[in-house]
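My questions concern the predicted model and sequence given below.
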Amino acid sequence: MARSPSDADLRAVLITLIRRAGGSVEIDNVELYDAMIPDLGTRAGGFVVEEIPGGIRVILVADES
């Protein structure tokens, strides 16, 4: 996608992934905080959303800075 995903786009992706996982995903606090807060000076990075035939691809990318 050429544009940044909207909140509605991200909500739709999250709903789709939770449905694929059987309707429930459990995330412990350590994993959640690790994704939100930099650990030992590293950066959390982000993701890229690409259009593919018939949908999108979401890719995690590390922040190199």
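Cool, got the structure.

for this structure, what's the longest helix?
Ordering each helix of the chain by length in residues (DSSP state H) puts helix 7-20 first.

Can you give the distance of that one from its chain's centre?
10 Å (Cα atoms, centre = their mean, to the nearest Å).

hmm, who's touching it?
P5, S24, V25, V49, I56, V58 (Cβ atoms under 8 Å, 6 or more residues apart in numbering). C-beta: built from backbone N, CA, C; applies to glycine.

Can you say which of those are buried?
Buried members of these, counted by 16 or more other Cβ atoms under 10 Å: P5, V49.

Present the contacts of helix 7-20 as JSON lines; the columns should include pLDDT.
Conversion of these to JSON lines gives the following (pLDDT from 0 to 100):
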{"residue": "P5", "pLDDT": "79"}
{"residue": "S24", "pLDDT": "96"}
{"residue": "V25", "pLDDT": "93"}
{"residue": "V49", "pLDDT": "85"}
{"residue": "I56", "pLDDT": "88"}
{"residue": "V58", "pLDDT": "87"}
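
Greatest separation within the contacts of helix 7-20: which pair is it?
Farthest-apart pair in the contacts of helix 7-20 is S24 and V49; separation 24.3 Å (Cβ to Cβ).

S4: neighbouring residues, count only.
8 (other Cβ atoms under 10 Å).

hang on, it in a strand?
No - according to DSSP: H, G, I helix; E, B strand; the rest coil, the state of S4 is coil, so it is not within a strand.

any idea how far it is from R19?
Going from S4 to R19 by Cβ to Cβ, to the nearest Å gives 24 Å.
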